[in-house]
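Trainee: compute the structure for the input listed below.
(one chain, ligands or ions: 1)
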Amino acid sequence: MLKNLKSVSVILERGRCSWGRCYFCGWGRRYINSSIRDLMNTFKHAISSRKADVLKIFCSGSFLDERQFPQDFVLWCLSQAERAGFNHVVIESRPEFIRRDVVDALTTFKIKIHVAIGLEVADDHVLNEYYRKGMKFSDYLRAVNLLHSYGLFVRTYVLVNGHPILYNNPEYHKKVIKETLEKIHDISDSIVIINAYPHSNSVLFRDWLIMRWRPLTYEEFISMIEEYYNDYKIEIDSNNFNFLPRFPKEMKVKIVGVGCDIVRHPYFEVWQDYIQRFYTVPEEKKYVLFVPCTYVKPYSRSITHRKILSILFKTGTYKKVQLVVVSTPGVIPYEYHDKYPFESYDWPEWLETPEVMKCYIEVTKERVKKFIEKCCKNVELFVAYFHKNSETLQAIRMAIEELDLKDRFVEVIDDDTFHSILNEVGKGKRLGSSILRHEKALKKLEDVLKSYVK
Ligand code: SF4
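Mentor: Residues are numbered from 1 along each chain as shown. Take a look at the predicted model:
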């Protein structure tokens, strides 16, 4: 019924979800301190900015819960939506707030009201043992009957991959989804199948950190639900792929140390999983420039990176070259360089040992390999800007060799340039940055970019 209709969305957040304990949900755990006046302004702005058939009101909880949204405000929103010319409005609620007295007040409007219920699955065992929804399928059925008896419409949210048990048992998972859709298809006016992604305050996010659960890629998600893709009632929510690994405030600690456990730190591993499975180098960028990290963070504040960036701008290659940092946390496309924990770690080089560096090179090689294989489908050339003795460069070389890409790989600093700079700056601490900031090295970088980037 709502599928393919043009819609406008507005997010109204206030107070806290009355339940707030769903396994996969982080939004419902937060308390949002916003005034009704602020919400009215947000609402007015949203409905005046674009015209559409459908207005969707999202609220992280229940729009029909009086403690979250006073009834006067709910009725005001509906009348404003009606007056603005929308034909349909979607609001969200848990079943316990879909009561006769509440629903009765909604029937005075001409606008078609759709109440979206986050059922997730029509299976009481999964609902309560895994999803911790605090409701049963029968609660949903009662609410559906009541809404229909008042001429209102039912929209049902179905969740895919909201718990490690389901993630690790794909056949069981498919069976639960199939049975759910069989049970709700005829009694729902519209259905949205949603791919679970890790909200920062959810238990699911912590499961990802220990790799007990992983978000599904678009292809994995579609393979679970492809038979429903063209159903006239069913919408697929795949916009969730804009998510990032967002760490809650209390988990944000500075990661300091040297060791294999640091290289494989769960926070770094989660990011590498995200980058390898959800990131693609933008199509217009046919060149990848690998560079090292810097002591100063975010890296873009360091002199070395500022100089590298100025060469990219000077040569006019910035839009065609994807800058990628390779370091302890792994492979970091520059878009993410200022995200936690990439701006909050420290690797004291003086504590390095041969065993640690062996581990670092092996892990980094695998990460670079996966990055090239999974994220660089349209990349034509890989360029490395490192000093000759860098362990990171060794790892990149090994990855390039194992992928048989030597003819698409360029090292900016050749032996002559390296030794000539070494004679000037000498050996010692921060050798890498002294070399990479040196005008001879930067001139080489400029020449390489000018000659290869077309
Ligand atoms: S999924 Fe809905 S009911 Fe559950 S905690 Fe989140 S907002 Fe509340």
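
Trainee: any idea how far the residue in the stretch 251-400 of the chain positioned nearest to the ligand lies from Pro266?
Mentor: Using Cβ to the nearest ligand atom, Met251 is the residue of the stretch 251-400 of the chain that sits closest to the ligand, at 19.6 Å. From N, CA and C alone the C-beta is placed, and that goes for glycine too. The gap separating Met251 from Pro266 is 10 Å, by Cβ to Cβ, to the nearest Å.

Trainee: can you check the distance spanned by stretch 285-300, start to finish?
Mentor: 20 Å (Cα to Cα, to the nearest Å).

Trainee: I'd like the mean pLDDT over it, please.
Mentor: Averaging pLDDT along stretch 285-300 yields 97.

Trainee: about what we covered before: the residue of the stretch 251-400 of the chain closest to the ligand: neighbour count?
Mentor: Counted with other Cβ atoms under 10 Å, residues neighbouring Met251 total 15.

Trainee: count the residues that sit near the residue nearest to Val258 when sequence neighbours are not counted.
Mentor: The shortest distance from Val258 to any non-neighbouring residue, by Cβ to Cβ, 6 or more residues apart in numbering, is to Leu351 (4.1 Å). A count of neighbours around Leu351, defined by other Cβ under 10 Å, yields 10.

Trainee: may I have the phi/psi pair for Leu351?
Mentor: Phi and psi for Leu351, reported as degrees, to the nearest 10, are phi -100, psi 0.

Trainee: how far does the stretch of helix or strand Ile193 belongs to sit from its chain's centre?
Mentor: Under the criterion of DSSP states H and E, Ile193 resides in strand 190-195. Centroid displacement of strand 190-195 relative to its chain, using Cα atoms, centre = their mean, to the nearest Å, is 19 Å.

Trainee: which residues touch that strand?
Mentor: Here strand 190-195 makes contact (Cβ atoms under 8 Å, 6 or more residues apart in numbering) with 1-3, 114, 116, 153-161, 177, 181, 184-185, 215-216, 218, 221, 225, 228, 231, 233-238, 240.

Trainee: which ones among these lie within helices?
Mentor: Judged by DSSP state H, the subset of these located in helices is Ile177, Leu181, Ile184, Tyr218, Phe221, Ile225.

Trainee: the residue lying closest to the last one once chain neighbours are set aside - how many residues pack around it?
Mentor: If the residues on either side of it in the chain are set aside, Ile225 comes closest to Ile193, at 5.3 Å by Cβ to Cβ, 6+ apart. Applying other Cβ under 10 Å, we find 23 residues neighbouring Ile193.

Trainee: same thing with Arg408?
Mentor: A count of nearby residues for Arg408, using other Cβ under 10 Å, gives 16.

Trainee: next, the contact list for the closest residue to it other than its chain neighbours, please.
Mentor: With sequence-adjacent residues excluded and distances taken as Cβ to Cβ, 6+ apart, Arg408 is closest to Leu381, at 5.4 Å. Applying Cβ under 8 Å, 6+ apart, we find Leu381 in contact with Lys286, Tyr287, Val288, Arg408, Phe409, Val410, Tyr452.

Trainee: can you pick the most crowded of the residues you listed?
Mentor: Each of the contacts of Leu381 was scored for neighbours by other Cβ under 10 Å, and Val288 scores highest at 24 neighbours.

Trainee: can you pull the contacts of it?
Mentor: Counting by Cβ under 8 Å, 6+ apart, Val288 has contacts Val281, Val321, Gln322, Val324, Cys376, Val379, Leu381, Phe382, Val383.

Trainee: give me the phi and psi for the residue nearest to Arg408.
Mentor: The phi/psi pair for Leu381 (degrees, to the nearest 10) is phi -140, psi 140.

Trainee: identify the bridge partners of it.
Mentor: Beta-bridge pairing of Leu381 under DSSP bridges involves Tyr287.

Trainee: separation between it and Val281?
Mentor: With Cβ to Cβ as the criterion, Leu381 and Val281 are 12 Å apart.

Trainee: so which of the contacts of Leu381 comes closest to Met135?
Mentor: Closest to Met135 out of the contacts of Leu381 is Val288 (48.7 Å), distances taken as Cβ to Cβ.

Trainee: now the spatially most central residue of the chain: closest residue in space, sequence neighbours ignored.
Mentor: Centroid-nearest residue in the chain, with Cα atoms, centre = their mean: Phe243, separated by 1.8 Å. Sequence neighbours aside, Tyr197 is the residue nearest to Phe243 in space, at 4.5 Å (criterion: Cβ to Cβ, 6+ apart).

Trainee: tell me the pLDDT of that neighbour.
Mentor: 92.

Trainee: repeat that for Ser188.
Mentor: pLDDT, Ser188: 98.

Trainee: on that earlier part again, what pLDDT does the residue nearest to Val258 get?
Mentor: 95.

Trainee: what is the neighbour count of Phe290?
Mentor: Phe290: 25 surrounding residues under other Cβ under 10 Å.

Trainee: who's in contact with it?
Mentor: So Phe290 contacts Val324, Val325, Val326, Val368, Phe382, Val383, Ala384, Tyr385, Phe386, Ile396 (Cβ under 8 Å, 6+ apart).

Trainee: switch the cut-off to 7 Å
Mentor: Contacts were defined as Cβ atoms under 7 Å, 6 or more residues apart in numbering; by that measure Phe290 touches Val324, Val326, Phe382, Val383, Ala384, Tyr385, Ile396.

Trainee: give me the three-state assignment for it.
Mentor: strand (DSSP: H, G, I helix; E, B strand; the rest coil).

Trainee: excluding chain neighbours, what is closest to it?
Mentor: Ala384 (4.6 Å).

Trainee: contacting residues around that neighbour?
Mentor: Phe290, Leu393, Ile396, Glu411, Val412.

Trainee: correct me if wrong: Tyr131 contacts Tyr23.
Mentor: Yes - with contact defined as Cβ atoms under 7 Å, Tyr131 counts as touching Tyr23 (5.3 Å).

Trainee: overlap of the contact sets of these two?
Mentor: Gly162, His163.

Trainee: the more surrounded of those two?
Mentor: Per other Cβ under 10 Å, whichever of Tyr131 and Tyr23 has more neighbours is Tyr131, with 25 against 18.
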